[in-house]
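J.: this one's sequence-less:
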C-alpha cells in the first residue's frame, strides 16, 4: 500500500446541504401535433394554353406577371402580322419544348454534409479530427488482424510496488528491463514500448487493440457539440433514461484508459472538448450538474466523474484540474455514509454497488498524488465485513437486518466486493480470493449468446486480471475471443456493441455496453495488476 502523500494544495470545500439528486450513473443497478398547412409553391405556373394566349394576345388591362407596356404590345403585334406563319409556329413550338423540358427535369435535393466545429488545442494543425469533422463509418468489412497503433504508455495501479517491466525488442526477445517507475509518476510513465510489452505480457494482441481503436472511433462520432455524450442516442438502442454525466464520464474513462489526454493521443480533441464542457458543470460544492437525471443515479455518476477527473490530473499534472479534482474528492468523502459505504444520497447508509465505484475514485486520487484520509478506507473495510457471505468469498448488496445475511448476492456484486478486498490489502495467496473467483467464473461465464452481462464481466475481468495465474488465463481466453468477434464491424454503429439481451442493456443502452466492453479490452495496460511484482518475476 502506498503511504499518504502531502495534502493537496487545493482546499477541500465543506459539503453544503445534501448533494443534488440531479446526477447519476449506471452501476450495478439499472438506470432503471396536427400537421400545418402546406407551404405555397415556389413558382406560380399557368396552363400552357393560358400562357400562349397571354403571349400572343395580351389584354392591356390585365395586371399579372405577363402584362407588358403598351409600346411593346404594339411592336409585337406588328412583328407577328409581318412574320411568315411558319416562323410564328416555330417560335411557339420552341417555347413549348422549353417549358416542357423545365417541367420534366427532376430536381434533386442535395444531401447535407454534417460538420461539427470543435475546440482545438493546436490551431496550426489541419487534420480532419482536429477540425471536428464528423465522418459516418463506411460499410466495408474490417479485418480482425488490423493493427491499431496507440503510441501511448500504460496506467499503473498505484497501490502496487513499483514494478520492473520487461521491454520486448523488435526481434521479439526480451531486452534490458526498464527501470522501476515510482508510484508518484505512475500515470506519467506510459511509454509506447511499455504499453506494447504489457499488452503481450498479459494476453492481449492485435485483435483486442483493433477493437479498442474502433470503439473509440465510434465514441468520437457520438460526442455532442457541447463536448458531452448521451445515454439515449442519437445512436441505435439508446438507454431508457438520460444521464449525460454518466455517459460523458464513461466515454472519458474509455479514451483515457487508452492513454488519450487533452494534448496527446489520437483522440486528444475529443478529450479536450469533453473536459472543456464538463468542468463548466461543476458546482461550488464539488459535484456536477449536467442536466436532469434519475435521483438514484446521482452518486454513481459522481464517483465515475471523480475517477476520470483524478486520472486526467494524474496523467497530465495540469494545474487547471487540481482544484476541480480536490473538490470532487471532497464531495465524495463527505458523502460517505455512517456504515462506511455510499448509496443514492450523501450521508446515508450505502450499498455494495455504489461503494465499488467510490473505492476506485479514492484510489484514482491516490494515483494522482492526492492524499486520501485513511478513515475513508477503514470505513469501506468495515462495510465489506457486514456484507460478506461464505467467509468473504461472496458479497451481498446490502444488510438491512443484523439477524440475516446481506443480499441479494449476484456475480457483479461479489466481484465488486472481491475487487475492493484486493485494493484494501488482501494478499494474492488468500484462499478466499481463489475460492470466490472460481465461484464467479462458474456463475457468470463469458457466454455472450445466452447470458450476456457486461457489468458483471467488467468486475470479474478486473479481479481475475489482478490475481493472474490460471484464473486469468482461462477468463482472458474467452474475453479476447468473444468481444472482438461480437463487435459491430460495419454500418452506422461500426465499432460499438449491441446492447440487446444484456442484463442491463435496456437501461444503459449501447453506449454503456460499448464502454464496458472497451474497459475490458484495455485491461492489459489500463492498470497493472495489484500483485504486479510477483506476476512480473520480481
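T.: Happy to help now that I have it. These numbers were taken from a predicted model, which means no experiment stands behind them.
J.: run through who's touching the longest strand seen in the chain.
T.: Criterion DSSP state E: the longest strand present in the chain is strand 394-398. Residues outside strand 394-398 that contact it (CB atoms under 8 Å, 6 or more residues apart in numbering) are 28, 351-353, 384, 387-389, 405-410, 413-414, 416-418, 436, 439. From N, CA and C alone the C-beta is placed, and that goes for glycine too.
J.: in strands only, show me those residues.
T.: 388, 389, 407, 408, 409.
J.: report the lowest-confidence entry in those.
T.: For the ones in strands among the contacts of strand 394-398, the weakest pLDDT value sits at residue 407, with 89.
J.: contact partners for that one?
T.: 396, 397, 398, 399.
J.: highest neighbour count among the ones in strands among the contacts of strand 394-398?
T.: residue 388 (22 neighbours; other CB atoms under 10 Å).
J.: count of residues packed around the closest residue to that residue other than its chain neighbours?
T.: Among residues not flanking residue 388 along the chain, residue 395 sits closest, at 5.9 Å (CB to CB, 6 or more residues apart in numbering). By the criterion of other CB under 10 Å, residue 395 has 27 neighbours.
J.: how near is residue 395 to residue 531?
T.: 20 Å (CB to CB, to the nearest Å).
J.: got any ranges where the stretch 151-300 of the chain has weak pLDDT?
T.: Low-confidence segments of the stretch 151-300 of the chain (pLDDT under 70): 151-193.
J.: which parts of it are helices?
T.: Assigned by DSSP state H, counting those that start in this stretch, the helices in the stretch 151-300 of the chain fall at 192-201, 206-222, 244-257, 268-278, 298-316.
J.: by contact count, what packs against the last one?
T.: With contacts defined as 3 or more CB pairs under 8 Å, 6 or more residues apart in numbering; DSSP states H and E, the packing partners of helix 298-316 are helix 244-257, helix 268-278, helix 322-334, helix 352-367.
J.: ranking these by burial, who's on top?
T.: Per residue and on average, the most neighbours among the helices and strands packed on helix 298-316 fall to helix 244-257, with a mean of 27 (mean count of other CB atoms under 10 Å).
J.: the inter-axis angle of that one versus helix 268-278?
T.: In terms of direction (axes from the mean of the first three to the mean of the last three CA atoms, to 10 degrees), helix 244-257 departs from helix 268-278 by 150 degrees.
J.: for helix 244-257, name the packing helices and strands.
T.: helix 206-222, helix 268-278, helix 298-316, helix 505-521.
J.: tell me what angle the longest one forms with helix 352-367.
T.: Taking the same axes, to 10 degrees, helix 298-316 and helix 352-367 form an angle of 20 degrees between their directions.
J.: and the angle from helix 298-316 to helix 322-334?
T.: Using the same axes, to 10 degrees: helix 298-316 against helix 322-334 is 140 degrees.
J.: likewise for the last one?
T.: Here helix 505-521 points in a direction 120 degrees away from that of helix 322-334 (the same axes, to 10 degrees).
J.: quick revisit: what pairs with the longest strand of the chain, and is each one parallel or antiparallel?
T.: strand 388-389 (antiparallel), strand 407-409 (antiparallel) (DSSP bridges).
J.: what pLDDT does residue 468 get?
T.: Reading off the model, residue 468 has pLDDT 94.
J.: now it: phi and psi?
T.: phi 60, psi -160 (degrees, to the nearest 10).
J.: next: the one 10 residues further on.
T.: Dihedral pair for residue 478: phi -80, psi -40, per degrees, to the nearest 10.
J.: verify the stated contact: it with residue 446.
T.: Yes: between residue 478 and residue 446 there is a contact at 3.7 Å, judged by CB atoms under 8 Å.
J.: between these two, which is the more surrounded one?
T.: residue 446 (22 against 15).
J.: which residues touch the more buried one?
T.: Residues near residue 446 by CB under 8 Å, 6+ apart: 457, 475, 478, 479, 482.
J.: need the buried ones from these selected in ChimeraX.
T.: Selecting only the buried entries of the contacts of residue 446 in ChimeraX, with 16 or more other CB atoms under 10 Å as the criterion:
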select :457,475,479,482
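J.: so can I have JSON lines of the contacts of residue 446 showing pLDDT?
T.: Shown next, in JSON lines, are these (pLDDT from 0 to 100):
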{"residue": "457", "pLDDT": "97"}
{"residue": "475", "pLDDT": "98"}
{"residue": "478", "pLDDT": "97"}
{"residue": "479", "pLDDT": "97"}
{"residue": "482", "pLDDT": "97"}
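J.: one step back: and of the helices of the stretch 151-300 of the chain, who's closest to residue 450?
T.: Closest to residue 450 of the helices of the stretch 151-300 of the chain, according to CB to CB: helix 206-222, at 21.4 Å.
J.: which helices and strands does that closest one pack with?
T.: Taking 3+ CB pairs under 8 Å, 6+ apart as the contact cut, helix 206-222 packs with helix 244-257, helix 469-486, helix 505-521.
J.: which of the residues in that helix are buried?
T.: Buried residues in helix 206-222 (16+ other CB under 10 Å): 207-222.
J.: which of the residues you listed lies closest to residue 305?
T.: Using CB to CB, the buried residues of helix 206-222 come closest to residue 305 at residue 219, 16.4 Å.
J.: right, and that closest one touches residue 514 too?
T.: Yes: between residue 219 and residue 514 there is a contact at 7.1 Å, judged by CB under 8 Å.
J.: next, show the common contact partners of those two.
T.: What both residue 219 and residue 514 touch, as defined by CB under 8 Å, 6+ apart, is the set residue 495.
J.: so is residue 429 in a helix, a strand, or just coil?
T.: Using DSSP: H, G, I helix; E, B strand; the rest coil, the structure places residue 429 in coil.
J.: check what pLDDT residue 400 gets.
T.: Value listed for residue 400 in the pLDDT field: 88.
J.: pretty sure it sits in a strand.
T.: No: secondary structure of residue 400 (three-state DSSP): coil, not part of a strand.
J.: could you measure from it over to residue 451?
T.: Taking CB to CB, one finds residue 400 at 28 Å from residue 451.
J.: quick one: which of those two has more around it?
T.: The residue with more neighbours, out of residue 400 and residue 451, is residue 451; 15 against 10, by other CB under 10 Å.
J.: show me what contacts the more buried one?
T.: Residue 451 touches 444, 445, counting by CB under 8 Å, 6+ apart.
J.: surely it is in a strand?
T.: No: in this structure, residue 451 is coil, not part of a strand, as judged by three-state DSSP.
J.: for it, give its distance to residue 328.
T.: From residue 451 over to residue 328 (counting by CB to CB), the distance is 36 Å.
J.: over to residue 527?
T.: From residue 527 to residue 328 the distance is 20 Å (CB to CB).
J.: for residue 350, same thing?
T.: Distance from residue 350 to residue 328, by CB to CB: 18 Å.
J.: nearest to residue 273 among the contacts of residue 407?
T.: Of the contacts of residue 407, the one sitting nearest to residue 273 (CB to CB) turns out to be residue 397, at 36.8 Å.
J.: got a pLDDT number for the closest one?
T.: 96.
J.: tell me, how many residues neighbour it?
T.: Residue 397: 21 neighbours (other CB under 10 Å).
J.: just residue 295 next, same as before
T.: Neighbour tally, residue 295, other CB under 10 Å: 14.
J.: that one contacts residue 344, correct?
T.: Yes: here residue 295 reaches residue 344: they are 6.7 Å apart, a contact under CB under 8 Å.
J.: if we can go back for a sec, what's the closest of the helices of the stretch 151-300 of the chain to residue 465?
T.: helix 192-201 (11.1 Å).
J.: by contact count, what packs against that closest one?
T.: helix 523-526.
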